[in-house]
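Asker: Quick one, structure for this:
(one chain, ligands or ions: 1)
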Amino acid sequence: MSAPLAAIDVHSHVYPGRYMSLLRARDTVPRIVARGGQDRMLILPGEDADSSTSVGRPIGSEYWDPARKIAFMDRHAIAVSVISPANPWLDFLADAGPVATEINEDMETLCAASGGRLYGLGLLPIRDPAASAAELGRIAGLPHLRGAVIGTTGAGKGLDDPALDQVWAAAERHGLMIFVHPHYGLGNEALAGYGHATLLALGFPFETTAAITRLILGGAFDRFPGLRMMVAHAGGVLPYLAARLDACVAGDAHSPVRLRHEPSSYLRGLYFDAIGYQAATLAMLMSLVGVERIMFGTDHPFFPPHVENAELDSTEWHSPAVHRAVLRELGPQAEIAILNGNAKAILCIDLST
Ligand code: 5CU
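Answerer: Sure, this is the predicted structure:
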């Protein structure tokens, strides 16, 4: 059998050491608690009260040690990962400018030391749009960072808040990628009683779908046509519902929406990870936005296999295994483009080092 093609993983998370210290010092969610000699992570809304996970999830050095990230990559034939700080970023801090700068410097140092295996996305003090715009200017000067990851709440009023226009303007000016990722879930009250599965499987993509829909309908991509934005988890359910959105906007005689084009057409200007778990989902996304806008991702180190921590790095993980199989089903051209060709071009990644 031939060796698997080298992949570029554009959806891979890390909690830098400085961020871990921040979480360890807190006594409300998000935080890290020590239980029975083991660190447990409580980050999701209500996770401290959720007995289905026996209070939080175990967290080990796979979340911050670059050697373990690279061990996972080697195990799964991933040549390069574009690592991003994981949720909830700095959403819980009002005055996060200085710590964002420090963590972004840490991200650059970590990537620079990786011998070409790691590139990064920084984080933003997003509750302060002016500070976030300034931070994007600093990120643009860090050679291994390609943009920044954000959640869906912005400065507290969602991503269609006009106060965020200065953030989009800065990202557009510097040609940086903004990676939009869920954290809070949407419709959680209708999803309770089944552990984390419903929040992660449904609440997360619903949240992403609503956030990107509002951005589109609010006209952000008319005002900033050069804004580069990557949407997590294959776009949530927005690609699936895009034609319905067009029909409902067109069918509303009193719609406040004033766009140059129909809403779904803006999806063709966005980028997506390929974390859709089935070929039919990816085929649908490809037909809507074009294969050239989709890039392989794993979500590592979330969704680990159920083995001892010491065995994690040598065990095959579900997400990379299933997504490689899905890409094979899509045929060799799509497979190569999504596995690494698109990320090379879109994020300027050199696979030859
Ligand atoms: O399992 C989880 O909680 C998560 C999370 O918080 N963030 C993420 O990106 N994937 C899974």
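Asker: Kindly report the residues of this structure close to the ligand.
Answerer: H13, I43, L44, A86, N87, L200, D299, F302 (C-beta under 6 Å from any ligand atom). The C-beta positions use only the backbone N, C-alpha and C, and glycine is treated the same way.
Asker: could you redo the last one with a cut-off of 8 Å?
Answerer: Applying C-beta under 8 Å from any ligand atom, one finds that the chain approaches the ligand through 11, 13, 43-44, 47, 57, 86-87, 181-183, 196, 199-200, 204, 232, 299, 302-303.
Asker: Quick one: the strands in the protein, in order.
Answerer: Using DSSP state E, the strands of the chain run over 7-14, 31-35, 38-42, 57-58, 78-85, 118-123, 145-150, 177-180, 228-231, 271-273, 294-295.
Asker: which one of the ones you listed has the most crowded surroundings?
Answerer: Across the strands of the chain, averaging neighbours per residue (mean count of other C-beta atoms under 10 Å) puts strand 294-295 on top, at a mean of 28.
Asker: Would you give the sheet partners of that one, along with the direction of each?
Answerer: If you go by DSSP bridges, strand 294-295 pairs up with strand 271-273 (parallel).
Asker: if I look at the closest residue to P30 other than its chain neighbours, how far off is S81?
Answerer: Sequence neighbours aside, I43 is the residue nearest to P30 in space, at 4.2 Å (criterion: C-beta to C-beta, 6 or more residues apart in numbering). Separation of I43 from S81 (C-beta to C-beta, to the nearest Å): 21 Å.
Asker: Same question for G141.
Answerer: Distance, G141 to S81, by C-beta to C-beta: 22 Å.
Asker: try G297
Answerer: G297 sits 9 Å away from S81, taking C-beta to C-beta as the criterion.
Asker: try A170
Answerer: 25 Å.
Asker: R328 versus I43, what's the distance?
Answerer: Distance from I43 to R328, by C-beta to C-beta: 33 Å.
Asker: Pull the contacting residues for A243.
Answerer: S264 (C-beta atoms under 8 Å, 6 or more residues apart in numbering).
Asker: Let me see the confidence value for it.
Answerer: Per-residue pLDDT puts A243 at 98.
Asker: From what I see, P263 and C248 are in contact.
Answerer: No. P263 is not in contact with C248 according to C-beta atoms under 8 Å; the separation is 9.1 Å.
Asker: who's more crowded, the two?
Answerer: The residue with more neighbours, out of P263 and C248, is P263; 21 against 13, by other C-beta atoms under 10 Å.
Asker: Local confidence estimate at the more buried one?
Answerer: Looking at P263, its pLDDT reads 98.
Asker: Repeat that for L44.
Answerer: Confidence score, pLDDT, at L44: 87.
Asker: still on that earlier bit, quick one: common contacting residues for G297 and S81?
Answerer: D9, V10, S12.
Asker: right, and out of those, which lies closest to the ligand?
Answerer: Minimum distance to the ligand across the shared contacts of G297 and S81 is 9.9 Å, recorded for S12 (C-beta to the nearest ligand atom).
Asker: And I43 and R328? Which one has more around it.
Answerer: A direct count of neighbours by other C-beta under 10 Å for I43 and R328 places I43 higher, at 20 against 15.
Asker: give the contact list for the closest residue to the ligand within the chain.
Answerer: Closest to the ligand within the chain is F302: 3.4 Å, counting by C-beta to the nearest ligand atom. F302 makes contacts with H13, A86, as judged by C-beta under 8 Å, 6+ apart.
Asker: Check it and give its pLDDT.
Answerer: We note a pLDDT of 96 for F302 in this prediction.
Asker: Show residues contacting stretch 14-23.
Answerer: By C-beta under 8 Å, 6+ apart, the list of residues contacting stretch 14-23 reads 30-32, 41, 43, 59, 63-64, 66, 69, 83-86, 99, 102-103, 106-107, 110.
Asker: buried ones in it?
Answerer: For stretch 14-23, burial by neighbour count (16 or more other C-beta atoms under 10 Å) applies to V14, Y15, P16, Y19, M20, L22, L23.
Asker: Cross-check the contact I'm expecting between R24 and P30.
Answerer: No. Using C-beta under 8 Å, R24 makes no contact with P30, being 10.7 Å away.
Asker: Which one of these two is surrounded by more residues?
Answerer: Higher neighbour count among R24 and P30: P30, with 22 against 12, using other C-beta under 10 Å.
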